[in-house]
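In: What follows is a predicted protein model with its sequence.
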Amino acid sequence: MIKHKAIPQGYMTVGEVAKKMGVTVRTLQYYDKEGLFSPSAESKGGRRLYTDKDLITLHQIISLKFLGFSLDDIKKRLTSLDTPDDIANALTEQADDIRKEIERLTASLTAIEQFKKEVLQMQEVNFKKYADIIVNLQMKNEFYYLIKRFDDDTLDHIRNRFDKESGLDFMDRFNRLSDEILRLQKDNVPPESEKCQQITEAYWNLIMEFTGGDVSMIPKLVEIGNIDHAANEWEEKQKIVNDYLESALQVYFSRLGDNPLGEVEK
């Protein structure tokens, strides 16, 4: 580095550069410390001195930083941006990184808005449920909002019985079975028909799988499943399924000679 007794013509101090380029002196000192942007000369009194050529380099740094490049990336790329293709490739890579970050931030924003909606609907502070909702939002489980309907005991049962993979698999099978029931209802298939009874049996087996065979959980599930006013398309579908299954289950239990819903009805 060239040393000067005074500030010669064509050189600028760090303060002058900072003012001219709209950055702080501290920023320029940090860039110097990181080996990203160092002065071309120094006065004998230790003052950093810059040239117009240095300003061109600083302008590149500021521009790349504005485009989202990290300081490490800028440090690596400043020496290799020699051709238009080099610059175009660097910008393409950065654009891809920014798109990924936009997707991540968009997903986070959506999750925050969904979570806020659930908190307001719950009208209670329950961090256990909050945690479950957040986990399901992270899993992209579209049925996260059902969590607010469960009491703590039922949620503990779900946590102990299902992990991420098995929980999503259960909901997938439940929805596919619900779609089959909807088709039966739409085709006016009688609840007592053999076709309907086969699907009713599959539905009941799915409920027993959920409870682990614990019929004492049935009243809670019936309460949770009662939908007076559907809030979305899924709930509207389940309301139709529940109405159709009410008669089908009565036939099914009658044939079994045992009605585990008897206590609920009482």
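Out: Structure's in. What do you need?
In: Assign the closest residue in space to E235 that isn't next to it in sequence to one of the three secondary structure states.
Out: Spatial nearest neighbour of E235, chain neighbours left out: I227 (5.2 Å); criterion: CB to CB, 6 or more residues apart in numbering. Heads up, the C-betas are built off the backbone N, CA and C, glycines and all. With DSSP: H, G, I helix; E, B strand; the rest coil as the basis, I227 sits in coil.
In: Let's test this: what are the backbone torsions at E192?
Out: The phi/psi pair for E192 (degrees, to the nearest 10) reads phi -90, psi 0.
In: State which helix of the chain is the longest.
Out: helix 84-122 (DSSP state H).
In: So which elements touch that one?
Out: Using 3 or more CB pairs under 8 Å, 6 or more residues apart in numbering; DSSP states H and E, the elements in contact with helix 84-122 are helix 127-138.
In: mean confidence for the helix it packs on?
Out: If you average the pLDDT over helix 127-138, you get 85.
In: List the buried residues for that helix?
Out: Residues 129-130, 132-134, 136-137 are the ones in helix 127-138 that count as buried (16 or more other CB atoms under 10 Å).
In: now the residue nearest to E235: how far from W234?
Out: Distance from I227 to W234, counting by CB to CB, to the nearest Å: 10 Å.
In: can I get the buried residues of helix 127-138 in JSON lines with distance to P191?
Out: What follows is the buried residues of helix 127-138, written out as JSON lines (distance: CB to CB, whole Å):
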{"residue": "K129", "distance to P191": "36"}
{"residue": "Y130", "distance to P191": "40"}
{"residue": "D132", "distance to P191": "35"}
{"residue": "I133", "distance to P191": "36"}
{"residue": "I134", "distance to P191": "40"}
{"residue": "N136", "distance to P191": "33"}
{"residue": "L137", "distance to P191": "37"}
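In: quick one: which of the residues you listed is nearest to L182?
Out: Checking these against L182 by CB to CB gives N136 as the nearest, at 24.2 Å.
In: Could I get the contacting residues of the nearest residue to the closest one once chain neighbours are set aside?
Out: In space, and not counting its chain neighbours, N136 is closest to Y144: 3.8 Å by CB to CB, 6+ apart. Contact analysis of Y144 by CB atoms under 8 Å, 6 or more residues apart in numbering lists 114, 118, 133, 136-137.
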